[in-house]
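Chemist: Based on what follows, work out the 3D shape:
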Amino acid sequence: MFLNGSNLFIMAMMLAININIVLANDDDNICKSMRNNIGAFNIFNVGLTKTKIILVTRDFYVFEMNRTAFNSNKKKLYFTDLPIPISKKYPNLWHNTSFQEMKNQIIDIRIFTGDDGEWLCFIPLTDYGIGYNLATTETTILTWFVKTNVANERSLGTDEVYYNYVFRYQNVTNQSRGLQLNKDVISDGRVEFAKKVNLIYDWSSLCLNLNNEIYFGTYWCENKSVDWNITGGFTIDNYFYLLGKDFVYSFEKGAFLDRKKSFKFEKQEYRSFIYCKGDIVSKSYSKIIWIILLLILLLLIILCILLFVKIRRRRYIRKSQPPSKKVEEKLQPIKTMNEKNQMKETSQKIALIQKIDEKSQKIQLIQKIDEKSKKINEKSKKISLNQKTNETSQKDLGKQSKTTIGSLRKDKSKLFSEIPPSIISKLSRSDYAGGSSTVSESINPRSNIQKLSTIEPSAISCPSVFPSTAAESNRNFRTIFLFED
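Modeler: I've put the predicted structure just below:
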């Protein structure tokens, strides 16, 4: 599935909502009720040690956090752990008989730090208190503190050794009362064996001036006394944090020490002061998610800006370019297409030319073969013609020889007819006298002529015997005749 920027943004939002819903279910009801100020006010008091912040509720649950869980700059208390019942957190204290007898009469819970350690002290109204050593889990009866006729007196947690801040309400008129602060200290520096807790100062009233700033008066306020309905509180990082039923009030510690000056104060709801464990986890995750969402949003904005700049740049280039360039830009794709088509056509032509060349080469080979075959045919024709001419010449020679022999016969008969018989008889007697009959027969011209006349012309067929011309035949024949003569 294709994911664009809007889809990513929606998915991240849904993820953030789902995480917040899931983590909200992990919130404990006790912390949630305190944060949302639902029902009766459940905070008993807050005490401090050197390393811890301990909050005890009225139904005896304990929230224990590191001191770093409080953010002084933001004025926020983060409950990093879930609450634990005192029965599981401090089982030795819970199963103590004296604690079980007095637990329903407790009016104040404070932490005292002495030479013998850090003690969580529970103070009843009319009886001895009970102390629980946080380090050794030891319990002890506190004989040094008996609350009598001061039922509205409460402590403010501090990490100062041997000391605690306390507050009370004092009636100003029949219809109004004022908040007063003081500071006390254990007598001998050891909580377990202390015999008395002494007040250090006279009670000072918390007052408001005309500028709505606080200051501490001697006993009564000149302008207006403060009644914030405080039930507990603590001091940390040079600030007082007083816990009212509806709001948390904070101001500088110097206001109590320097009573000639006025100081500003802040008022905030518990929703902005307390953060439960589920809120912390969900807040950390939600911060990451919101950072991711912001990054996605920034990327979308950057993309939109880049797109806008690109469009504006194109428009500017189009406006700034002359028309010919614009036309060229429009025709450029057509040109490229034409060039491609031309390249295809040329490649096709080249392929055709190559094919034609191949065919022409084949044709040339065929022509050469034809020429050779023609030459061979011509030679064969010449040979056949030579054979025919030889045959015709032989026939002509035969005919010629017949005519020449016939003419010779006629010439010889004429010649012998012209020779006188006396000469012929002389020649025969004088030249060949005394010879045999065979010799006389051989040189008898009449007999030779008769023999020659009996030769058939068809018997003379050899061209070597009968020459090709009549002159040569006559010449040869004459020699034969002379030889025979």
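Chemist: For stretch 157-166, which residues meet the burial criterion?
Modeler: Taking 16 or more other C-beta atoms under 10 Å as the neighbour-count basis, stretch 157-166 is seen to contain the buried residues Gly157, Thr158, Asp159, Tyr162, Asn164, Tyr165, Val166. From N, CA and C alone the C-beta is placed, and that goes for glycine too.
Chemist: what's the most distant pair in these?
Modeler: Using C-beta to C-beta, the buried residues of stretch 157-166 span at most 15.7 Å, a distance reached by Asp159 and Val166.
Chemist: which residues in the stretch 301-450 of the chain form helices?
Modeler: Counting by DSSP state H, counting those that start in this stretch, the stretch 301-450 of the chain has helices at residues 323-418, 421-426, 437-442, 445-453.
Chemist: which of these has the lowest average pLDDT?
Modeler: Within these, confidence is poorest for helix 437-442, with a mean of 41 (mean pLDDT).
Chemist: who touches Asn42 in this structure?
Modeler: For Asn42, the contacting residues are Ile30, Ser33, Met34, Thr57, Arg58, Asp59, taking C-beta atoms under 8 Å, 6 or more residues apart in numbering as the criterion.
Chemist: Where does the residue nearest to Trp220 when sequence neighbours are not counted sit: helix, strand or coil?
Modeler: Distances taken as C-beta to C-beta, 6 or more residues apart in numbering put Ser205 closest to Trp220, at 6.0 Å, once the chain neighbours are dropped. When the structure is split into helix, strand and coil by DSSP: H, G, I helix; E, B strand; the rest coil, Ser205 lands in strand.
Chemist: List the beta-bridge partners for Ser205.
Modeler: Taking DSSP bridges, one obtains Gln180, Gly217 as the residues bridged to Ser205.
Chemist: coming back round to it: Glu371: which of the buried residues of stretch 157-166 is nearest?
Modeler: Of all these, Glu371 sits closest to Asp159, with 126.7 Å by C-beta to C-beta.
Chemist: Quick one, grab the pLDDT at the closest one.
Modeler: 88.
Chemist: ditto for the one 4 residues further on
Modeler: Model confidence at Tyr163, given as pLDDT, is 90.
Chemist: Could you tell me which residues make contact with it?
Modeler: Per C-beta under 8 Å, 6+ apart, neighbours of Tyr163: Lys183, Asp184, Val185, Ile200.
Chemist: Which two of those have the greatest separation?
Modeler: Of all pairs drawn from the contacts of Tyr163, the one with the longest distance (C-beta to C-beta) is Lys183 and Val185, at 7.3 Å.
Chemist: Touching both of these two, which residues are there?
Modeler: Listed as contacting both Lys183 and Val185 by C-beta under 8 Å, 6+ apart are Tyr163, Asn164, Ile200.
Chemist: returning to that earlier point: among the buried residues of stretch 157-166, which ones are in strands?
Modeler: Asn164, Tyr165, Val166 (DSSP state E).
Chemist: need the contact list for the first one.
Modeler: When contacts are counted by C-beta under 8 Å, 6+ apart, Asn164 is found next to Arg110, Phe112, Ser155, Leu156, Gly157, Thr158, Lys183, Asp184, Val185.
Chemist: can those go into JSON lines with extra columns for distance to Gln387?
Modeler: Formatted as JSON lines, the entries for these read as follows, by distance: C-beta to C-beta, whole Å:
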{"residue": "Arg110", "distance to Gln387": "156"}
{"residue": "Phe112", "distance to Gln387": "157"}
{"residue": "Ser155", "distance to Gln387": "157"}
{"residue": "Leu156", "distance to Gln387": "154"}
{"residue": "Gly157", "distance to Gln387": "150"}
{"residue": "Thr158", "distance to Gln387": "152"}
{"residue": "Lys183", "distance to Gln387": "161"}
{"residue": "Asp184", "distance to Gln387": "163"}
{"residue": "Val185", "distance to Gln387": "163"}
